[in-house]
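Trainee: mind folding the following:
(one chain, ligands or ions: 1)
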Amino acid sequence: MATLQLDHITKQYGDKTAVSDLSLEVAQGEIFGLLGANGAGKTTTMRMALGLILPDKGRISWFGKPYDNSLRRRIGYLPEERGLYPKLKVGEQIVYLAQLRGVNKAEAERRLRYWLEKFEVPENYNKKVEELSKGNQQKIQFIAAVIHDPDLLIMDEAFSGLDPVNVELLKDTVKELRDQGKSILFSSHRMDHVEELCRNICILHRSNTVIKGSLREIKGRFPRERVVLETAGSVGGLESLDGVVSVRRHEAGYEVRIGKESAARAVLETAMAQTEVIRFQVMEPTLNEIFIRTVGDRIE
Ligand SMILES: Nc1ncnc2c1ncn2[C@@H]1O[C@H](COP(=O)(O)OP(=O)(O)OP(=O)(O)O)[C@@H](O)[C@H]1O
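Mentor: Model (predicted):
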């Protein structure tokens, strides 16, 4: 049984279709990546997955059942637009939110101290939200989403506004939550984050699903068009090989774009005939390349 199941859901705002016939499942212990250009329908999908708005068509089930109010205690939400009260102290605010979701006060205080320690900001307990830097506010927003220990987490751009060290800290935390068996619906414009975290993804474009499946399987659908070549000496004549699109020289060697996979062999043979080859790898496409190909091509 999936933790979250969207079954052919559609949402319209007047004439505008925000989400069209979308189906996806988030399993227990899985991070699912929801991707799309601006306005593709991600936030609308998340709001339906939270039970905040209803789809016009289709069905959603949570833990195998339709929505009921008890689910509010089992779902956590990290919204893209921040929702904390700037004038309130972190401690008061988060403990109150946790109590609303069924955690008693002493336990909420204990958990908040644990999270603040973990995120290396224990001093924030008694500070007002407006006194915190943007990155530290983001950490508090993250804590607000997990303080009641939800089984399903919905995270819209979870790492925005964070420096690289803090991105790693929160990324590791998301992985820990996954390993504890939580289900996470995750949206991001950072393809490297999605690639690192998500097992299955769905790419939306103007409300439609354009790609869906496991990252592994999706990558296999796209041709491998980039060859990384590292050599002891220089190599000439790569540009003129049949099937080679471009050659870029860098510090350690060459990056060769090929238009057909058979050209990779010619690249290797040409290099080996001239010098020692240290590394030769035909790279699978990155998610960034796949995204730009599938979504970018369709942007008129
Ligand atoms: N309350 C609303 N009323 C009218 N139209 C809406 C409403 N909410 C969303 N839309 C429209 O639905 C479409 C999908 O919007 P949505 O916010 O879901 O996209 P998104 O993928 O989250 O975009 P972004 O990456 O920019 O956050 C957009 O065209 C948007 O203008």
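
Trainee: all helices of the chain, in order?
Mentor: 42-49, 90-100, 105-118, 134-146, 164-179, 191-197, 215-221, 263-274, 287-291 (DSSP state H).

Trainee: so which bits of the second one are buried?
Mentor: It stands for helix 90-100. The neighbour-count check on helix 90-100 (16 or more other CB atoms under 10 Å) flags Val90, Gly91, Gln93, Ile94, Val95, Leu97, Ala98 as buried. C-beta here means a position set from N, CA and C on the backbone, and glycine is covered the same way.

Trainee: contacts for that helix?
Mentor: Outside of helix 90-100, the residues within contact range by CB atoms under 8 Å, 6 or more residues apart in numbering are 84-85, 105, 107-109, 111-112, 116, 124-129, 132, 140, 143-144, 147-148.

Trainee: which of these are buried?
Mentor: Burial by neighbour count, 16+ other CB under 10 Å: within those this picks out 84, 107-109, 111-112, 116, 124-125, 128-129, 132, 140, 143-144, 147-148.

Trainee: quick one, what contacts the residue nearest the centre of the chain?
Mentor: Centroid check for the chain by CA atoms, centre = their mean gives Val194 as the closest residue, at 3.8 Å. Neighbouring residues of Val194 by CB under 8 Å, 6+ apart: Gly33, Leu35, Phe186, Ser188, Ile201, Leu287.

Trainee: please apply the same query to Ala40.
Mentor: Leu204, His205, Arg206, Ser207, Val295.

Trainee: gap between the residue nearest to the first one when sequence neighbours are not counted and the ligand?
Mentor: If I follow you right, that is Leu204. Ranked by CB to CB, 6 or more residues apart in numbering and with sequence neighbours excluded, the top spatial neighbour of Leu204 is Gly36, at 3.6 Å. In this view, Gly36 and the ligand are 5 Å apart by CB to the nearest ligand atom, to the nearest Å.

Trainee: ditto for Val167
Mentor: 19 Å.

Trainee: again, but for Ala252
Mentor: Distance of Ala252 to the ligand, given as CB to the nearest ligand atom: 36 Å.

Trainee: next, the buried residues of stretch 210-220.
Mentor: Using 16+ other CB under 10 Å as the test for burial, stretch 210-220 gives Val210, Ile211, Leu215, Ile218, Lys219.

Trainee: got a list of what the second one touches?
Mentor: Put plainly, it is Ile211. With contact taken as CB under 8 Å, 6+ apart, Ile211 is in contact with Ile201, Cys202, Ile203, Ile218, Ile290, Thr294.

Trainee: and it, what are its bridge partners?
Mentor: On the basis of DSSP bridges, Ile211 is bridged to Ile203.

Trainee: Gly39 is in contact with Leu204, isn't it?
Mentor: No. Assessed by CB atoms under 8 Å, Gly39 is found out of contact with Leu204, at 9.6 Å.
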